[in-house]
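**Q** generate a structure from the sequence data that follows.
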Amino acid sequence: MFLNIFSTILAQLPPGEPITFDRLESLMARISDFLMFAGVTLAVIFIVRAGITWMYAGADTKKIDDAKAQLKSGIIGAMVVLGVGVIINTIVALFGTSINPNQPLPGPGPGPINTTNGAVGNKCSGDRNCLSGFKCQDSICKRATGNWAGEPCNASRNCDVGLSCDKSGSAIQPIDGQTLGSCYNPGNVVGAPIGTSCTKDRDCISGLKCNQICQRNGGNLNGEACVKTASPSNCQSRACSTTGVAVNGICVPYSGT
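**A** A predicted model of the protein is given here:
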């Protein structure tokens, strides 16, 4: 059974075709899943076999010793196989496909910054100093999910998923008596952004999860991508607007109907 499954995995790389990084990454992920499945299956088989041998051993010390040996060998073998699978899985997660620097990242993108007190980038000492729904972090008000590309930041953690904070050159923004930087796409983020089709959480940027597409943990914001057939909904509002027979759409405010 295992040989048949492994042969199917290897068939992902037909002879004569170039091995691209994307295809190699996909193969490694499949091998990792196979090894972890095989490890768990072997552990169960050996534990059950050893248990049955021990149960029917009675007072036969030789059979009891055989059962103990089977149990020990099974657990060690399964741990080795699982360990290799975990190592491969970790390598894939750390060195997965990088996002194209020109590919859009989470957030609708830069827009005019509201100069109202408590708006994005304004100075604060607590959440009460910021507009409703905003958070105070590193002495500035930020969006709950992080500021968008082009918006002010004091540190990378002030920015939306996948963005970093640039506090040099033309990125500097003097706001409310503070010298702030700007959130930007560093172009070397591992994983796919919001709205990209996926099969597992590890396909997405760290901090996002996979639900047919990469989405925020709490659901995508209005204006961000969604799939009508996703269950639960990709949207915080639980409302995904599509056109005609299209399945892909954008999150919109819930209309109550």
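
**Q** in terms of pLDDT, where does Leu105 sit?
**A** What the model reports for Leu105 is a pLDDT of 54.

**Q** what of Cys124?
**A** Per-residue confidence (pLDDT) for Cys124: 93.

**Q** OK, contacts around it?
**A** 118, 130, 136, 139-141 (CB atoms under 8 Å, 6 or more residues apart in numbering). Every residue, glycine included, has its C-beta placed from N, CA and C.

**Q** now do 6 Å
**A** Residues near Cys124 by CB atoms under 6 Å, 6 or more residues apart in numbering: 130, 136, 141.

**Q** how much space separates it from Ile47?
**A** According to CB to CB, to the nearest Å, Cys124 and Ile47 sit 57 Å apart.

**Q** so how far is the strand or helix carrying Lys72 from its chain's centroid?
**A** Per DSSP states H and E: Lys72 is located in helix 61-94. Using CA atoms, centre = their mean, to the nearest Å, the mean C-alpha position of helix 61-94 is found 28 Å from that of the whole chain.

**Q** quick one: contacts of the next helix or strand along the chain from it?
**A** Going down the chain from helix 61-94, the next helix or strand is strand 135-137, by DSSP H and E. With contacts defined as CB under 6 Å, 6+ apart, strand 135-137 is touched by 124, 126-127, 129-130, 142, 144, 158.

**Q** partners of strand 135-137 in the sheet?
**A** In the sheet, strand 135-137 lines up against strand 140-142 (antiparallel) (DSSP bridges).

**Q** so Cys214 sits against Ile194, correct?
**A** Yes: the pair Cys214 / Ile194 is scored as a contact, 5.5 Å apart, by CB atoms under 6 Å.

**Q** who has more neighbours out of the two?
**A** Cys214 (27 against 24; other CB atoms under 10 Å).

**Q** name the nearest residue to the more buried one, ignoring sequence neighbours.
**A** Among residues not flanking Cys214 along the chain, Cys204 sits closest, at 3.6 Å (CB to CB, 6 or more residues apart in numbering).
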